[in-house]
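**Q** Let me see the structure of the following:
(one chain, ligands or ions: 1)
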Amino acid sequence: MTADAPILEARGLSLRFGPVPALDDVALRVWPGEVVAILGESGSGKTSLLRVLSGALPADTGEVLYRDAAGAVVPVHGSGEAALRRLARTEWGFVHQNPRDGLRLNVSAGGNVGERLMAVGARHYGGIRAAAAEWLRRVEIDPARMDDLPRDFSGGMQQRLQIARTLVTRPRLVFMDEPTGGLDVSVQARLLDLIRALVAGLGLAVLLVTHDIAVARLLAHRLVVMRRGRVVEHGLTDRVLDDPQHEYTQLLVSSVLAA
Ligand SMILES: Nc1ncnc2c1ncn2[C@@H]1O[C@H](COP(=O)(O)OP(=O)(O)OP(=O)(O)O)[C@@H](O)[C@H]1O
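**A** Numbers count the residues shown, from 1 in each chain. Okay, the predicted model is just below:
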C-alpha cells in the first residue's frame with residue numbers, strides 16, 4: 001500500500017438498466033497491495049460495478065484506468081478486446097462465487113492450475129506439474145489428487161482450486177465476487193483464512209464484492225458502501241464498521257449486530 005499511484009482508478013461511472021440506476025456517478029481507487037470490499041445489500045449495484053471495473057460491462061458514462069506492471073495507464077474501456085484479454089491473462093485474476101464459472105470441470109485439478117501457467121508462456125512439463133502440485137498444497141488440497149477431476153471435489157475444495165488456478169500466475173489485481181457465498185459457515189471460515197493469508201503473502205490488490213460484513217471485516221483494508229448504485233460511504237474498514245457516518249451504513253451494521 002506504499003506505492004504512489006493507484007493500480008485502478010474509476011471516475012464518474014453511471015449505468016442504467018431501463019429506469020433502474022445500477023451505478024450512479026461512482027468513483028473508486030485501489031492502491032497496489034490493497035484489499036477493497038464493495039459492500040451493500042442485494043441489488044445495490046456491487047456486481048455491476050465489479051463488471052464495469054473489469055471491462056466485462058460497458059458503462060454509460062465515466063472511465064476506468066488501470067496501471068499495468070510496466071507503469072502504463074490503460075483505459076479499461078476503449079482499448080479493445082485484445083488489450084482486455086492481455087490484462088485478464090497476465091495481470092488480473094477472477095474468483096467467481098460459483099467455482100464452476102472459474103474452473104474447467106472436465107480437466108484434472110493439476111491441469112486447471114497448469115494450463116494457466118502455459119497461457120503465460122510456461123512450456124516445461126515437469127516444471128508446470130511441480131508448480132501445480134505446490135499450488136494445490138498451498139490451497140490445502142492433497143497433491144495426490146492432482147489427476148482427479150474437480151467435479152468430484154466438494155464445493156469448498158472446488159473454490160480452493162479456483163483460487164490456486166487464479167493465483168498461480170501471480171496476478172497484480174484480483175476481482176472476487178462473493179468468494180465464500182454458497183458455502184457452509186465452517187467451510188467459509190477456513191476459506192476466508194486461506195484467502196487472507198494468500199493475499200497478504202503475495203501482496204495482491206483485491207476488489208471484493210460481498211454483502212457479508214464479517215467477510216469485509218476479515219479481508220478488507222478499505223470499504224466502499226453502496227446503496228442504489230451510489231457510494232454512500234467509504235473509508236478504512238474498522239472506521240466504517242465501528243463508527244459509521246451514513247445512516248444506511250449504520251443500519252447495515254446494526255442489523256448485523258441485532259441478528
Ligand atoms: N442485466 C440486467 N438487466 C436488467 N437489470 C439489471 C441487470 N443487471 C443488474 N440489473 C439491476 O441493476 C441493479 C444492480 O444490480 P447488481 O446485480 O449490480 O447488484 P448487486 O448489489 O450485485 O446485487 P446481488 O448481491 O443480488 O448480486 C439491480 O436493480 C438489478 O436488478
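**Q** His234 falls within a strand, correct?
**A** Yes. Looking at His234 with DSSP: H, G, I helix; E, B strand; the rest coil, it is inside a strand.
**Q** Distance of it relative to Leu13?
**A** 14 Å (CB to CB, to the nearest Å). (Each C-beta comes from the backbone N, C-alpha and C, glycine too.)
**Q** for the residue nearest to Gly45 when sequence neighbours are not counted, what are its contacts?
**A** Nearest residue to Gly45 in three dimensions, chain neighbours excluded: Gly229, at 4.2 Å (CB to CB, 6 or more residues apart in numbering). Applying CB atoms under 8 Å, 6 or more residues apart in numbering to Gly229 gives the contacts 15, 21-24, 26, 44-45, 48.
**Q** In terms of neighbours, single out the busier of His234 and Leu13.
**A** Neighbour count, other CB atoms under 10 Å: between His234 and Leu13, Leu13 has more, with 26 against 20.
**Q** Just the element for the residue nearest to the more buried one when sequence neighbours are not counted, please.
**A** Distance criterion CB to CB, 6+ apart; nearest residue to Leu13, sequence neighbours excluded, is Gly62 at 3.7 Å. Take DSSP states H and E as the rule and Gly62 turns out to sit in strand 61-67.
**Q** what helices or strands is that strand leaning on?
**A** Contacts defined by 3 or more CB pairs under 8 Å, 6 or more residues apart in numbering; DSSP states H and E place strand 61-67 against strand 8-17, strand 73-75.
**Q** related to what we said a few turns ago, so the residue nearest to Leu13 sits against Glu9, correct?
**A** No. Using CB atoms under 8 Å, Gly62 makes no contact with Glu9, being 10.8 Å away.
**Q** Residues contacting the lengthiest helix in the chain, please?
**A** Taking DSSP state H as the criterion, the chain has its longest helix at helix 185-202. With contact meaning CB under 8 Å, 6+ apart, helix 185-202 is reached by 35, 138-140, 154-156, 159-160, 163, 167, 170, 174, 176, 179-180, 183, 204, 206, 215, 218-219.
**Q** Which members of those are positioned in strands?
**A** Mapping the contacts of helix 185-202 onto strands (DSSP state E) picks out 35, 174, 176, 206.
**Q** Buried residues of the helix or strand bottoming out on mean pLDDT in the chain, list them for me.
**A** Ranked by mean pLDDT, DSSP states H and E, the helix or strand of the chain with the weakest confidence is helix 247-258, at a mean of 83. For helix 247-258, burial by neighbour count (16 or more other CB atoms under 10 Å) applies to 248-249, 252-253.
**Q** what's the farthest-apart pair in the residues you listed?
**A** Taking CB to CB as the measure, the buried residues of helix 247-258 span a maximum distance of 9.8 Å, between Tyr248 and Val253.
**Q** Pull up the residues of the stretch 101-250 of the chain that are close to the ligand.
**A** The stretch 101-250 of the chain has residues His211 near the ligand, with proximity defined as CB under 6 Å from any ligand atom.
**Q** Return the distance of Arg51 relative to Pro58.
**A** Distance, Arg51 to Pro58, using CB to CB: 9 Å.
**Q** Name the residue in these two with the higher neighbour count.
**A** The neighbour count for Arg51 versus Pro58, taken as other CB under 10 Å, is higher for Arg51 (19 against 10).
**Q** Which strand or helix spans the more buried one?
**A** Arg51 is part of helix 46-53, with elements assigned from DSSP H and E.
**Q** quick one on the thing from earlier: also compute the angle for the longest helix of the chain relative to strand 173-177, please.
**A** Counting by axes from the mean of the first three to the mean of the last three CA atoms, to 10 degrees, helix 185-202 lies at 170 degrees to strand 173-177.
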